[in-house]
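Participant: here is a sequence with its predicted model. Questions after.
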Amino acid sequence: METPDPGISVQNQDQKDITILAIILIMICCISIGVSAGGYYIYEQYTEAQTISQTATSQFMATKIKQDTNAQATVQAQATATALVLKARSTATAQAKINLLASYSYYDAFDGNLNEWREEEEDNDFWLGRTSIENGRYLWQVDEAKDIFVAWADFTNPGALTDFDAAVLAQRTEGLPENVCYGMLFRKSLDGIDPGSYIFSVCEHGYFSILYYDENAGWETIQDWTETTATYEDQPNLLEISARGSDFTLFINSQQVAQFSDDRLKDGYIALFIDFYEKLPGAVWFDNFALQPR
């Protein structure tokens, strides 16, 4: 019987182990290379996809911004065009109305003081300033308001009236629009407002009111402060009153804003007035006063 040499067996086993280890190392290297290559490829693909996505997003956003900008420009252009058309129509309507008022029996463009309006230096318990006819307008300049107040100037022609149409153009030129207001008194006595008067007051921040006053009743609200889109701020406003018996209709810039009935005052005079709500300076001018008895 023959017995194998132990030394040879050990040697052969070592060679086998080395070979297996070498194969394992080679496989590990191959796998590493493959993983690296695959990872790089995936990274490249991901980067490319990200670039494409970012480019697409940028293009989309650029297109959207352009579209939004164009849309906004279009809306703005349309709004501007509409505003110009409305302003042109409003100007044309106002001019047509002024032309109509000039045909009334009594019309004053304030080129002088033929109708003997109140015109003087003012220094009383309520305000300091002046009333004057300047540059074709009737100016009320309040340099100091000592208290909140109303002040007026009567139109004495053609006497006390029952039925009439009256109009005046007015604008605030100094003071805040909610503090400096103006309008007309109607059916009032030449002795003042204590015997009774109706009051149509307009403020350029978009509100008007209708009041009644006499010394017994005090101030009574016919229509409380009401918001309206008819008024213009920092522009002239055309105020109109139409009286037929005990029925009255009021207009601002040719838009009817109120209608009421009241039979306390049967006839009376028209007056222009200013209405100050704070102890602050301000100024108002009137123009194109017109009165037509009916």
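Facilitator: Cool, the structure landed. Residues are numbered from 1 along each chain as shown.
Participant: can you say which helix or strand has Q95 in it?
Facilitator: helix 6-101 (DSSP states H and E).
Participant: for whatever helix or strand comes next after that helix, which helices and strands make contact with it?
Facilitator: Moving toward the C-terminus from helix 6-101, the first helix or strand encountered (DSSP H and E) is strand 106-108. Taking 3 or more C-beta pairs under 8 Å, 6 or more residues apart in numbering; DSSP states H and E as contact, the helices and strands that strand 106-108 lies on are strand 282-293. Placement of C-beta: from N, CA and C, glycine included.
Participant: what pairs with the strand it packs on, parallel or antiparallel?
Facilitator: Strands adjacent to strand 282-293 in the sheet, as given by DSSP bridges, are strand 106-108 (antiparallel), strand 137-145 (antiparallel), strand 164-174 (antiparallel).
Participant: how is the chain divided into domains?
Facilitator: Per the record's domain assignment (automatic domain parsing), the chain is made up of the domains 7-48, 74-103, 106-293.
Participant: just those domains: most buried one?
Facilitator: Among the domains of the chain, judged by mean count of other C-beta atoms under 10 Å, the one packed with the most neighbours on average is domain 106-293 (a mean of 17).
Participant: pLDDT of that domain, averaged?
Facilitator: Here the mean pLDDT over domain 106-293 is 97, rounded to a whole number.
Participant: tell me how far the ends of that domain are from each other?
Facilitator: For domain 106-293, the first and last residues are 9 Å from each other (C-alpha to C-alpha, to the nearest Å).
Participant: how far does it sit from its chain's centre?
Facilitator: Distance of domain 106-293 from the chain centroid (C-alpha atoms, centre = their mean, to the nearest Å) equals 24 Å.
Participant: before we move on, back to that, any chance of the strands paired with strand 282-293 in CSV, plus distance to D267?
Facilitator: What follows is those, written out as CSV (distance: least, C-beta to C-beta, whole Å):
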stretch, distance to D267
strand 106-108, 16
strand 137-145, 24
strand 164-174, 9
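Participant: mind telling me what element C181 is part of?
Facilitator: With DSSP H and E as the test, C181 turns up in strand 180-188.
Participant: now for the next helix or strand after that strand, which elements pack on it?
Facilitator: If you walk from strand 180-188 toward the C-terminus, the next helix or strand you reach (DSSP H and E) is strand 197-203. Packing partners of strand 197-203 (3+ C-beta pairs under 8 Å, 6+ apart): strand 180-188, strand 207-214, strand 237-244, strand 247-252, strand 269-276.
Participant: okay, the angle between the third one and strand 207-214?
Facilitator: Angular relation of strand 237-244 and strand 207-214 on a 0 to 180 degree scale: 40 degrees, by axes from the mean of the first three to the mean of the last three C-alpha atoms, to 10 degrees.
Participant: sheet partners, orientation included, of strand 237-244?
Facilitator: strand 164-174 (antiparallel), strand 247-252 (antiparallel).
Participant: same question, the first one
Facilitator: Based on DSSP bridges, the pairing partners of strand 180-188 within the sheet are strand 197-203 (antiparallel), strand 269-276 (antiparallel).
Participant: and of the strands paired with strand 282-293, who's closest to A283?
Facilitator: Ranking those by their distance to A283 (criterion: C-beta to C-beta) puts strand 164-174 first, at 3.9 Å.
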